[in-house]
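In: what follows is a protein structure lacking sequence information:
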């Protein structure tokens with residue numbers, strides 16, 4: 001999300017722009033949305049207003065599939081916030097987590113979850129050759 005909001009030229013922005021289309025689906029949860037909101041507002045990205053952040057998150061909430069998470073395996077990954085993403089991916093039956101933070105998601109394969117960069121996702125769904 002941070003990368004997508006920082007630059008409209010990058011793959012992360014292309015992924016964000018494609019959310020809600022027919023190329024792929026996303027899973028969301030209340031804790032994830034709250035975490036994104038807190039992180040994005042705390043970062044104070046130049047040129048990105050609080051309204052921009054809330055508009056982007058509202059869009060994700062509108063088009064994403066909300067998933068409740070009833071289990072915790074923490075700690076599994078190095079960062080507890082990343083564990084929250086993994087738990088959501090497993091609960092929602094996702095194929096992959098999309099992140100630039102690939103290294104910190106080592107271990108997701110034991111849950112059947114792949115880790116893709118935004119470029120990987122765009123290539124896999126045919127939005128980038």
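Out: That came through fine. Owing to the predicted nature of the structure, the values given are computational and were not obtained by experimental measurement.
In: all the helices of this protein, residue numbers only.
Out: In the chain, the helices defined using DSSP state H lie at 2-6, 11-18, 30-43, 50-63, 80-92, 118-124.
In: is it possible to export those helices to TSV including mean neighbour count and mean pLDDT?
Out: C-beta: built from backbone N, CA, C; applies to glycine. As requested, the helices of the chain are arranged in TSV below (neighbours: other C-beta atoms under 10 Å; pLDDT from 0 to 100):
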stretch	mean neighbour count	mean pLDDT
helix 2-6	16	86
helix 11-18	19	95
helix 30-43	15	91
helix 50-63	14	94
helix 80-92	19	92
helix 118-124	18	97
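In: mind putting the ones you listed into TSV with distance to residue 111?
Out: Converted to TSV, the helices of the chain look like this (distance: least, C-beta to C-beta, whole Å):
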stretch	distance to residue 111
helix 2-6	24
helix 11-18	22
helix 30-43	17
helix 50-63	23
helix 80-92	5
helix 118-124	18
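In: and residue 92, how far is that from residue 56?
Out: Remark: distance between residue 92 and residue 56 (C-beta to C-beta, to the nearest Å) = 20 Å.
In: same question, residue 40
Out: From residue 40 to residue 56 the distance is 8 Å (C-beta to C-beta).
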